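K.L.:
got a predicted structure plus its sequence, pasted below:
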Amino acid sequence: MNRENKRKAYANGYYKSHPCDDVFTCKVCGRLVVPSGAGSDHRNHCPNCLASLHLDDEPGDRSADCGGIMDPVGVWVRKSGEWAIIHRCRQCGHFSSNRVAADDNPMKLMSIALRPLTNPPFPLERIGELTALMGGDGSMI
């Protein structure tokens, strides 16, 4: 069964309390995604490219009518130290957060985590000037 059709087969909120063990093909990279290896009962994104689909308004409710591709745009660390992926829908802009799965691509996770450092919102050449404006001596050493 395609995960796009789950809303039709199960009652609203079914996946909040039941495991999701369906196999699906990633809409972004084409990889066959199986639930084994995720480390949880709720596989909700591709372990290769980390993309997902906009199916839920609230986790597990399958009530979103959008169905757009959810791109991984960031990561954050929960109080417990567990990492989570921030997804943004290409179609409607909705943001959501999903736990990192045990078999997720570590290089993709790190590239997302390092994106703000590799592409800061200001020119790197101005760090000395910006440091001086904040009361520092302006040196990089």
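P.N.:
Alright, I've got the coordinates.

K.L.:
from the chain's centre, how far out is the helix or strand S111 falls within? Work that out for me.
P.N.:
Following DSSP states H and E, one finds S111 within helix 106-118. Relative to its chain's centre, helix 106-118 lies at 12 Å (Cα atoms, centre = their mean, to the nearest Å).

K.L.:
can you check stretch 81-100 too?
P.N.:
4 Å.

K.L.:
what residues sit buried inside that stretch?
P.N.:
For stretch 81-100, a neighbour-count test (16 or more other Cβ atoms under 10 Å) marks I85, I86, H87, R88, C89, H94, S96, N98, R99, V100 as buried. The C-beta positions use only the backbone N, C-alpha and C, and glycine is treated the same way.

K.L.:
and the residue nearest to the last one when sequence neighbours are not counted, what are its bridge partners?
P.N.:
If I follow you right, that is V100. Leaving aside its sequence neighbours, V100 sits nearest to W83 (Cβ to Cβ, 6 or more residues apart in numbering; 4.3 Å). Beta-bridge partners for W83, by DSSP bridges, are V77.

K.L.:
pLDDT at W83, what is it?
P.N.:
Looking at W83, its pLDDT reads 93.

K.L.:
number the residues from 693 up from this point.
P.N.:
Got it, the first residue is 693 from now on, which makes the last one we talked about W775.

K.L.:
that one contacts G766, doesn't it?
P.N.:
No - if you go by Cβ atoms under 8 Å, W775 and G766 don't touch, sitting 10.7 Å apart.

K.L.:
hang on, P764 packs against A776?
P.N.:
No - with contact defined as Cβ under 8 Å, P764 and A776 do not form a contacting pair (10.6 Å).

K.L.:
pull the number of nearby residues for I761.
P.N.:
Look at I761: counted by other Cβ atoms under 10 Å, it has 17 neighbours.

K.L.:
the residue lying closest to W768 once chain neighbours are set aside: what's it in contact with?
P.N.:
For W768, ignoring the flanking residues on the chain, the nearest one in space by Cβ to Cβ, 6+ apart is A776 at 5.7 Å. Applying Cβ atoms under 8 Å, 6 or more residues apart in numbering to A776 gives the contacts V767, W768, V769, R770, S789, N790, R791, V792.

K.L.:
no more questions from me, cheers.
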